[in-house]
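**Student:** Okay, here's the prediction I keep looking at, along with the sequence it came from:
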Amino acid sequence: MARGYVRTTIVLDAVVALLVGAALLVPLMGVTVTSVAWTLGAAALFVLMVAVFRGYDADGMGDGPAEFQAVLRGGSLVAVGLMAAAFTFEIDIPRLAVFAGVPALVVAASLARHGHRHHLHHRRAAGEAMMRTVVVGEPSAVEQVVGELSLAPHHGYQVTGVCLPSLDNKAPMGGQPVLGAISEVPQVVVDNAIDVVIVAGHYLSGGALRRLSWALGRTPAQLVVAPDLIEVTGPRLSVRPTAGLSLLEVEIGAPRRRLVAKTVLDRTVATLGLLALSPLIGAAALAVRLTSEGPAFYRQTRVGVDGSTFTIWKLRSMYLDADARRDLLLEQNEGQGLLFKMRHDPRVTPVGRVLRRYSIDELPQLFNVVRGDMSLVGPRPPLVAEVEAYPDMVQRRLHVKPGLTGLWQVSGRSDLSWDEAVRLDLRYVDNWSVAMDLMILWKTGRAVFAGSGAY
């Protein structure tokens, strides 16, 4: 399955590159030998550059932002290559091919890959294109890994069974049967046509883990180790070979270049968004003002990065006495933890329901992003009272700027429990990247138009 998926992706990239090149160069140069050669050369160069940035590694495809990062970096290198060729060989390359063609190619290739990935996830949700997996380790660690994998079938791991240190208790673990003892893993792999062996926890380490890798070397199965680093993913993790050891390095703090890139993305997109959406914001503000008493905009103090406070701007979606009526509705609170949520909140105006369904009431926060109070993507901006009640672990949500959208927005919005919303926020704080931000912005559009989980 993995090889077929990679081959299809390579063909997709090549076809997209050919189509973009032809659409750009043929109108400029006509159907000539030169235009055909440039189109074929640019397509080949694009595929090669994406491969240089590991955009066709089977382990990183179909999940996560890595392959989209490879497309972006590969496209950037294509632009540099075209400009270098024009300067070195004094070739007349149309500037439009570099400054319009390459960005169009990156966008088109990313969209094609997204569609390809969506098709793969749809198949996996139906139980197809899965990797038969056995989880090995102590019961507690095994149960945790099995539970996490069962919640995310789009990753492609279909747990077939588990192997434990002892067979004294052969009761199913996490809903999966015990296929054998850890000493029997190689035979279990052969008997059950296992594709992946996941070692959970620290029961197998050092020499024992090495011997298991030797034993599995005679089988087609992959060996994967699940360390006890909760919610820490790439690009924060890297392997550092030292003195015969494989040291797992965890990045502490985001590099400055990534912070600068995020700031540039925030300010640029927010400014363009304000200009483009100002008619919609104006029309919504007029509707709010004409249908209920009070100002069109609502201001509230929220907590930003590192505990600083700022004034957030929203289109008013509730009646003027909403804050005063909140205490009277506490018994009807449907939220969990520190959040107050009601699916049919009587404080929300009729116009406000429409604004909330499609997140139009949040659009004025683009002004907060331009000011630097918020980011396009980040944890939900909390109230002062909420922060005062945060336990120590949740305080880490304040290490990055709050966002206009985030993992919580694309994973259920108001339907999420408090614990799940906190878990997603902490995952973002620990693992954010510009590529992840772009992916969340893309998914936000789908969530908003669907109106799911918004009330």
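**Tutor:** Arrived safely, thanks for sending.
**Student:** pLDDT at Leu339, what is it?
**Tutor:** On pLDDT, Leu339 comes in at 63.
**Student:** Glu143 now?
**Tutor:** pLDDT for Glu143: 90.
**Student:** Use 699 as the first number for this chain going forward.
**Tutor:** Renumbered: residue one is now 699, and that last one reads Glu841.
**Student:** what's the nearest residue to it if we skip its chain neighbours?
**Tutor:** Gly872 (4.7 Å; CB to CB, 6 or more residues apart in numbering). No exception for glycine: its C-beta is placed from N, CA and C like everyone else's.
**Student:** Could you confirm Val860 falls within a strand?
**Tutor:** Yes. Under DSSP: H, G, I helix; E, B strand; the rest coil, Val860 sits within a strand.
**Student:** How about the contacts made by it?
**Tutor:** Val860 is in contact with Val832, Val833, Val834, Val840, Val844, Met871, Gly872, Gln874, Pro875, Val876, Leu877, counting by CB atoms under 8 Å, 6 or more residues apart in numbering.
**Student:** Please repeat the previous calculation with a cut-off of 10 Å.
**Tutor:** 831-835, 837, 840-841, 843-844, 870-872, 874-878, 880, 886, 896, 898 (CB atoms under 10 Å, 6 or more residues apart in numbering).
**Student:** neighbours of the residue nearest to Pro863 when sequence neighbours are not counted, just the number please.
**Tutor:** Sequence neighbours aside, Ile880 is the residue nearest to Pro863 in space, at 5.6 Å (criterion: CB to CB, 6+ apart). Other residues near Ile880 come to 20 when the count uses other CB atoms under 10 Å.
**Student:** tell me which element Pro939 falls in.
**Tutor:** strand 935-940 (DSSP states H and E).
**Student:** re the thing from before, surely the residue nearest to Glu841 and Val840 touch.
**Tutor:** Yes. Taking CB atoms under 10 Å as the definition, Gly872 is a contact partner of Val840 at 7.0 Å.
**Student:** ok, the two, which is more surrounded?
**Tutor:** Neighbour count, other CB under 10 Å: between Gly872 and Val840, Val840 has more, with 28 against 17.
**Student:** Please point out which parts of the biggest helix by length in the chain sit buried.
**Tutor:** Criterion DSSP state H: the longest helix present in the chain is helix 954-989. Residues of helix 954-989 classed as buried: 960, 963-965, 967-968, 971-972, 979, 982-983, 985-987 (neighbour count, 16 or more other CB atoms under 10 Å).
**Student:** Report pLDDT for the nearest residue to Val1146 once chain neighbours are set aside.
**Tutor:** Computed as CB to CB, 6+ apart, the closest residue to Val1146 that is not its neighbour in sequence is Ser1057, at 5.0 Å. Listed pLDDT for Ser1057 reads 88.
**Student:** Ramachandran angles for Ser1057?
**Tutor:** Here is the backbone geometry of Ser1057 (degrees, to the nearest 10): phi 60, psi 20.
**Student:** and it, how many neighbours?
**Tutor:** 19.
**Student:** so where is the stretch 749-898 of the chain shaky, pLDDT-wise?
**Tutor:** Applying pLDDT under 70 to the stretch 749-898 of the chain picks out no residues at all.
**Student:** Would you map the helices across it?
**Tutor:** 764-786, 793-794, 800-823, 837-848, 883-889 (DSSP state H, counting those that start in this stretch).
**Student:** between the ones you listed, which one is nearest to Asp926?
**Tutor:** Closest to Asp926 of the helices of the stretch 749-898 of the chain, according to CB to CB: helix 837-848, at 7.9 Å.
**Student:** how much distance is there from that closest one to the middle of the chain?
**Tutor:** Chain-centre distance of helix 837-848: 22 Å, with CA atoms, centre = their mean, to the nearest Å.
**Student:** Counting by contacts, list what that helix packs against.
**Tutor:** Where contact means 3 or more CB pairs under 10 Å, 6 or more residues apart in numbering; DSSP states H and E, helix 837-848 is packed against strand 829-835, strand 855-862, strand 894-898, strand 920-924.
**Student:** Next, format the ones you listed as a markdown table and append distance to Phe1147.
**Tutor:** Below are those laid out as a markdown table (distance: least, CB to CB, whole Å):
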| stretch | distance to Phe1147 |
| --- | --- |
| strand 829-835 | 33 |
| strand 855-862 | 31 |
| strand 894-898 | 36 |
| strand 920-924 | 36 |
